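Undergrad: prediction below, plus the sequence it came from.
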Amino acid sequence: MRRAICPGSYDPVTVGHLDIIRRAAALFDEVVVLVAVNSSKKTMFTVQQRVQMLRAAVADIPGVCVESSDGLLAEYARSCGACALVKGVRSAQDLDYEQPMAHANRYLEPGLETVLLPAAPAVSWISSTIVREMLRYQQDISEMVPAGALEILSAQLQKENENR
Ligand code: PNS
């Protein structure tokens, strides 16, 4: 049984992330989508909100589950017996970021491979950063966020607006 992890901040999940998760699910027996902490990022959504949005987004993909961790990714991979990390790359800039990360994770956990999948061209311009920026300016993000997650995201934003 080959288990992979799709780690990320997912703040929030995008259709680009979902494409990578689907492709990872076709390559491995089991995929854990892991909401992990990126120490250099301050997030718009809480871990619980991001997990909830992801669970709605991947509900129809067999063999995929969603978890969160505030520890080291390599340690999480060891503890759950994962053999690979799967990430999407949209650009040379992404590759420059992912390559040392892949080496660091393999240094920490020898045998843990990182599989980099090129983002689908149609969604390669979409990022969580762009979605958050559009949200700040009340723009339509319905084509950038998976349908199930969109409902949760919209409900959360409405609740926050009402409490202001
Ligand atoms: O979506 P992101 O922000 O590019 O994801 C980055 C993430 C969360 C996968 C990365 O920051 C991470 O793995 N964080 C957990 C701590 C860790 O293991 N760091 C890398 C080795 S030093």
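TA: On my side now, so go ahead. All figures in this text were calculated on a predicted structure; none of them were measured in a lab.

Undergrad: the chain: helices as residue ranges?
TA: When secondary structure is read from DSSP state H, the chain shows helices at 15-27, 47-58, 73-80, 92-108, 128-136, 147-162.

Undergrad: how about those in a markdown table, adding mean neighbour count?
TA: Every C-beta, even on glycine, is put in place using the N, C-alpha and C of the backbone. Below are the helices of the chain laid out as a markdown table (neighbours: other C-beta atoms under 10 Å):
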| stretch | mean neighbour count |
| --- | --- |
| helix 15-27 | 20 |
| helix 47-58 | 21 |
| helix 73-80 | 17 |
| helix 92-108 | 13 |
| helix 128-136 | 16 |
| helix 147-162 | 14 |
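
Undergrad: quick one: the residue of the chain positioned farthest from its centre from the ligand, how far?
TA: Within the chain, the residue lying farthest from the chain centre (C-alpha atoms, centre = their mean) is Arg164, at 29.0 Å. Here Arg164 is placed at a distance of 28 Å from the ligand (C-beta to the nearest ligand atom, to the nearest Å).

Undergrad: again with Glu160
TA: 23 Å.

Undergrad: residues contacting the residue farthest from the centre of the chain?
TA: By C-beta atoms under 8 Å, 6 or more residues apart in numbering, the contact list for Arg164 is empty.

Undergrad: need the helices of the chain in JSON lines with mean pLDDT, can you?
TA: Listed next are these as JSON lines, based on pLDDT from 0 to 100:
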{"stretch": "helix 15-27", "mean pLDDT": "98"}
{"stretch": "helix 47-58", "mean pLDDT": "97"}
{"stretch": "helix 73-80", "mean pLDDT": "98"}
{"stretch": "helix 92-108", "mean pLDDT": "98"}
{"stretch": "helix 128-136", "mean pLDDT": "96"}
{"stretch": "helix 147-162", "mean pLDDT": "89"}
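
Undergrad: could those helices be laid out in JSON lines, adding distance to Leu117?
TA: What follows is the helices of the chain, written out as JSON lines (distance: least, C-beta to C-beta, whole Å):
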{"stretch": "helix 15-27", "distance to Leu117": "6"}
{"stretch": "helix 47-58", "distance to Leu117": "16"}
{"stretch": "helix 73-80", "distance to Leu117": "17"}
{"stretch": "helix 92-108", "distance to Leu117": "11"}
{"stretch": "helix 128-136", "distance to Leu117": "17"}
{"stretch": "helix 147-162", "distance to Leu117": "20"}
